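Visitor: What follows is a predicted structure for the sequence shown.
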Amino acid sequence: MGDYFVFTAIGTDRVGIVDEIAAVLEAENCNIEESRMAVLGTEFSVMLLASGGQGIVQILEKDLPDIGDKLGLHVQIRPTRAPRGSSEGRPYSIEAISLDAPGIMHAVTAVLKRAGVNIEEISTETTSAPWTGATMFQMRGTLIVPREVHIAELRDQLENLEHERDIDIVLKPLNR
């Protein structure tokens, strides 16, 4: 069994970055298991889980300055373990949308934290409303709700937040 690691990189967006990262990892006989990549402003950001042979983390750490220079990105690597299943709870999706205002993400995630819900993935964006042009905030995520958490109680807490902050929140079970 080989080693797993998380590879992160950020730098000015340009054509070809994803291919160059994939080539560097392929040259070391690494497999990209999962990845998230996005352009934020003018910066390209990548976070990926990869696996390779025994000792690959040490090899990559030694070569990290050269890899960063070659890619023109600030790169980091962190050892980790193989992904675990979601057997610790039930998978749910969450979506929240409202007029944009500071603190929306914190308000929603605070409810989830108090309930012991783990956020597996989350993304946010702001867009203009179609007719008014008002700035809208939208958050989407995947959650693992512990088995001991009563979904009705979690929904009640989120509904209270909907009324307090004028947010539309949808919590739905996922079939995996």
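Guide: Received, thanks.
Visitor: Could you list the domains of the chain?
Guide: Per the record, the chain has its domains at 3-80, 89-173, by automatic domain parsing.
Visitor: how long is the last one end to end?
Guide: One end of domain 89-173 to the other measures 11 Å (Cα to Cα, to the nearest Å).
Visitor: Ala9 bridge partners, please.
Guide: Val46, Val75 (DSSP bridges).
Visitor: Report how many residues lie close to it.
Guide: Number of residues near Ala9 (other Cβ atoms under 10 Å) recorded here: 23. C-beta coordinates here come from the backbone N, C-alpha and C atoms, glycine included.
Visitor: OK, contacts around Ala50?
Guide: Shown in contact with Ala50 (Cβ atoms under 8 Å, 6 or more residues apart in numbering): 4-7, 25, 30-33.
Visitor: that's a strand at it, yeah?
Guide: Yes - counting by DSSP: H, G, I helix; E, B strand; the rest coil, Ala50 is part of a strand.
Visitor: pLDDT score assigned to it?
Guide: Note on Ala50: pLDDT of 96.
Visitor: Now it. Nearest residue, chain neighbours left out?
Guide: Using Cβ to Cβ, 6 or more residues apart in numbering and skipping the chain neighbours, the partner closest in space to Ala50 is Cys30 (4.7 Å).
Visitor: same thing with Leu73?
Guide: Gly11 (3.6 Å).
Visitor: wouldn't the residue nearest to Ala50 be in contact with Leu48 here?
Guide: No - counting by Cβ atoms under 8 Å, Cys30 does not reach Leu48; the two are 9.8 Å apart.
Visitor: In terms of neighbours, single out the busier of the two.
Guide: Neighbour comparison, Cys30 and Leu48: the larger count goes to Cys30, with 23 against 20 (by other Cβ under 10 Å).
Visitor: so who does the more buried one touch?
Guide: Counting by Cβ under 8 Å, 6+ apart, Cys30 makes contact with 50-52, 56.
Visitor: And those, which is closest to Ala96?
Guide: In terms of Cβ to Cβ, no member of those lies closer to Ala96 than Ala50, at 31.3 Å.
Visitor: and that closest one, what are its bridge partners?
Guide: Under the criterion DSSP bridges, Ala50 forms beta bridges with Phe5, Ile32.
Visitor: re the thing from before, so which of the contacts of Cys30 would you say is closest to Thr126?
Guide: Of all the contacts of Cys30, Ala50 has the smallest distance to Thr126: 31.2 Å, by Cβ to Cβ.
Visitor: Please tell me how far that closest one sits from Glu121.
Guide: According to Cβ to Cβ, to the nearest Å, Ala50 and Glu121 sit 18 Å apart.
Visitor: go on, His74?
Guide: Between His74 and Glu121 the computed distance is 23 Å (Cβ to Cβ).
Visitor: out of the contacts of Cys30, who has the most neighbours?
Guide: Counting neighbours by other Cβ under 10 Å, the top entry in the contacts of Cys30 is Ala50, with 25 neighbours.
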